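Fold the following.
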Amino acid sequence: MQYKEINPSPRMLMTPGPVEADPRVLRAMSAHILGQFDPEFTALMNETMEMERYVFQTKNRQTYVVDTTSRGGLETVLTGAICPGDKVLIPAFGRFGYLLAEILERCGADITLLEKEWGTVFDPQEIEDALKKDSYKAVACIHGETSTSMMQPLEELGEICERYGALLIVDAVATLGGVDVKVDDWKLSACISGTQKCISAPSGSALITYNQQIEDIVKARKRVEKGIRTSDDVDGGLVRIPSNYLDLGQLEDYWSPRRLNHHTEATSMQYAVHEALRCIVNETLEARFARHSLNDRALVAGLQAMGLTIFGDLKHKMPVVTAINIPDGADGKAIRGMMLDEFGIEIATSFGPLDGKILRIGNMGYSSQKRNILILLGALEAVMRRNGVKVSSGEAVAAAMDVYQEAENR
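Numbering: from 1, shown residues only. The predicted model follows:
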């Protein structure tokens, strides 16, 4: 049989993930394969860790990459830091808070869920009140909840958790590289992200960092594989981490100067992560955050000028995801389909109670460009009109351009 060469249609990915990979990242992925212990390759791994620390804004020694998706990164850290029976508080304000609960329940943790209406976030006092009622090993929470477009403030949570002796483990999958994530200043015990959103590389790698407290837990759970252990390797006293592939103790050794063999590194994805991080370092975090913020303001101004309403608490809306209410009588699936078929632009719906009620637009990484925002607004206006939605003609793009013009004149 004959099969066609892969030649995907050009797309403008304006979803909450995946988004367009930076062309420099795609070029890096086509480089020659190196052996995983080649000094050239291990030097790249070391540089990746250095750049990760810059992006996470941390000095944590344990800051490295796991060859898995974002979800795998969450599972790696959670199942390594949390032992069976440990009590964990999860403030859930969207789909992915429940994912943290799902992962932790599977590893035998004792879960307490705090639930909030989708489209809102928690006041830090609500979390502190829950911590007063019981003793918890950790609080696990989402920073940017893409299912609702809401962003949980974290500035106070680290100190609150520290007062009550609880770790703070944060899912920053949707925010790292697009908004401030200050791991050290905010006293985050661990933070996990991925590559397919604001980092702007293909999906397939997870970025993780964790502090000395979690490093000590991992050491106490460590078991080196029988086939590669030496007489110096001593088993820890706590229960063994259940996964071999996602074992933080073995991954630490793999990324450390010891380079103890664990798996075969995903070479081309490591090139991608290195180049994506290099692009962020060169742009600088400050410039990158300002770019996302400007494009977010232009997008929101355009949507509102069109006559569409933004979903949720605007005070806590993520700068990298915007959710709009689907107008009464309109078919969200038809709108998304026409955006893709006629303009090659992909936007997203949501999940659970918001499925069919909102549309979500991503403004992430390489996709966060003035050109993309203006084209999307023009296309969305045309598609809304074609689907019988009464919107203001020509106002959306003009409003967005006003935002850009004002920024240029400052």
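
Can you spell out which helices and strands pack onto the helix ranked longest in the chain?
Determined from DSSP state H, the single longest helix within the chain is helix 285-306. Where contact means 3 or more CB pairs under 8 Å, 6 or more residues apart in numbering; DSSP states H and E, helix 285-306 is packed against strand 321-325, helix 370-386, helix 395-409. In short, each C-beta sits where N, CA and C put it, glycine included.

how does it look with 6 Å?
Applying 3 or more CB pairs under 6 Å, 6 or more residues apart in numbering; DSSP states H and E, we find helix 285-306 packed against helix 370-386, helix 395-409.

From the chain's centre, how far out is that helix? Work that out for me.
Relative to its parent chain, helix 285-306 has a centroid offset of 19 Å by CA atoms, centre = their mean, to the nearest Å.

Pairing-wise in the sheet, spell out the partners of residue 361.
residue 322 (DSSP bridges).

Could you tell me the per-residue confidence at it?
pLDDT for residue 361: 98.

Ok, residue 1 next?
Confidence score, pLDDT, at residue 1: 87.

still on that earlier bit, TSV please, covering the helices and strands packed on helix 285-306 and showing distance to residue 181, mean pLDDT and mean neighbour count.
TSV is the format used below for the helices and strands packed on helix 285-306 (distance: least, CB to CB, whole Å; pLDDT from 0 to 100; neighbours: other CB atoms under 10 Å):
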stretch	distance to residue 181	mean pLDDT	mean neighbour count
helix 370-386	23	98	19
helix 395-409	24	97	16
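
Could you dump those into JSON lines and include distance to residue 279?
Compiled in JSON lines, these are given as follows (distance: least, CB to CB, whole Å):
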{"stretch": "helix 370-386", "distance to residue 279": "17"}
{"stretch": "helix 395-409", "distance to residue 279": "22"}
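
What's the mean pLDDT across the longest helix of the chain?
The pLDDT scores in helix 285-306 average 98.

tell me the angle that helix makes with helix 370-386.
Per axes from the mean of the first three to the mean of the last three CA atoms, to 10 degrees, the angle that helix 285-306 makes with helix 370-386 is 20 degrees.

tell me the angle helix 285-306 makes with strand 321-325.
Orientation of helix 285-306 against strand 321-325 (the same axes, to 10 degrees) gives an angle of 10 degrees.

contact partners of helix 285-306?
Here helix 285-306 makes contact (CB atoms under 6 Å, 6 or more residues apart in numbering) with 178, 319-320, 322, 324, 363, 368, 373, 377, 381, 391-392, 395-396, 399-400, 403-404, 407.

residues of it that come out buried?
285, 288-289, 291-306 (16 or more other CB atoms under 10 Å).

relative orientation of it and helix 395-409 in degrees?
150 degrees.

what helix or strand is residue 105 on?
Assigned by DSSP states H and E, residue 105 belongs to helix 95-106.

Helices along the stretch 201-350 of the chain, start to end?
Taking DSSP state H, counting those that start in this stretch to define them, one finds helices in the stretch 201-350 of the chain at 212-220, 248-255, 267-283, 285-306, 332-343.

again, but for the stretch 1-150 of the chain
Using DSSP H, counting those that start in this stretch, helices in the stretch 1-150 of the chain cover 23-29, 39-56, 70-81, 95-106, 124-133.

can you tell me which of the ones you listed comes nearest to residue 387?
Residue 387 lies closest to helix 95-106 among the helices of the stretch 1-150 of the chain, at 26.2 Å (CB to CB).

got a list of contacts for the closest one?
Counting by CB under 6 Å, 6+ apart, 75, 78, 88, 90, 92, 111, 113, 140, 142, 145, 147, 351 sit against helix 95-106.

Including neighbour count, distance to residue 12 and pLDDT, could those residues go into JSON lines?
Compiled in JSON lines, those are given as follows (neighbours: other CB atoms under 10 Å; distance: CB to CB, whole Å; pLDDT from 0 to 100):
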{"residue": "75", "neighbour count": "25", "distance to residue 12": "31", "pLDDT": "98"}
{"residue": "78", "neighbour count": "23", "distance to residue 12": "34", "pLDDT": "98"}
{"residue": "88", "neighbour count": "25", "distance to residue 12": "39", "pLDDT": "98"}
{"residue": "90", "neighbour count": "23", "distance to residue 12": "35", "pLDDT": "98"}
{"residue": "92", "neighbour count": "21", "distance to residue 12": "32", "pLDDT": "98"}
{"residue": "111", "neighbour count": "15", "distance to residue 12": "39", "pLDDT": "97"}
{"residue": "113", "neighbour count": "13", "distance to residue 12": "37", "pLDDT": "97"}
{"residue": "140", "neighbour count": "31", "distance to residue 12": "34", "pLDDT": "98"}
{"residue": "142", "neighbour count": "30", "distance to residue 12": "27", "pLDDT": "98"}
{"residue": "145", "neighbour count": "29", "distance to residue 12": "24", "pLDDT": "98"}
{"residue": "147", "neighbour count": "27", "distance to residue 12": "22", "pLDDT": "97"}
{"residue": "351", "neighbour count": "16", "distance to residue 12": "23", "pLDDT": "91"}
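
can you tell me which two in these are farthest apart?
88 and 351, at 22.5 Å, using CB to CB across those.

that older thread, what mean pLDDT does the helix holding residue 105 have?
Taken as a whole, helix 95-106 has an average pLDDT of 97.

Give me the buried positions along it.
95-101, 103-104.

try stretch 41-53
Residues of stretch 41-53 classed as buried by neighbour count (16+ other CB under 10 Å): 41-42, 44-45, 48-49, 51-53.

what's the distance between residue 32 and residue 40?
Distance of residue 32 to residue 40, computed by CB to CB, to the nearest Å: 10 Å.

now swap in residue 100 and tell me
38 Å.

Check what contacts the helix or strand hosting residue 161 and list those residues.
In the assignment (DSSP H and E), residue 161 maps to helix 157-163. For helix 157-163, contacts defined as CB under 6 Å, 6+ apart pick out 124, 128, 139, 168, 186-188.

Now with 8 Å, please.
Identification of contacts with helix 157-163 by CB atoms under 8 Å, 6 or more residues apart in numbering yields 124, 127-128, 131, 138-139, 141, 167-168, 186-189.

which parts of it are buried?
Neighbour counts over helix 157-163 (16+ other CB under 10 Å) mark 157-158, 160-161 as buried.

quick one: the helix or strand following it to chain centroid distance?
The helix or strand immediately downstream of helix 157-163 is strand 167-171, counting by DSSP H and E. With CA atoms, centre = their mean as the basis, strand 167-171 stands 13 Å off its chain's centre.
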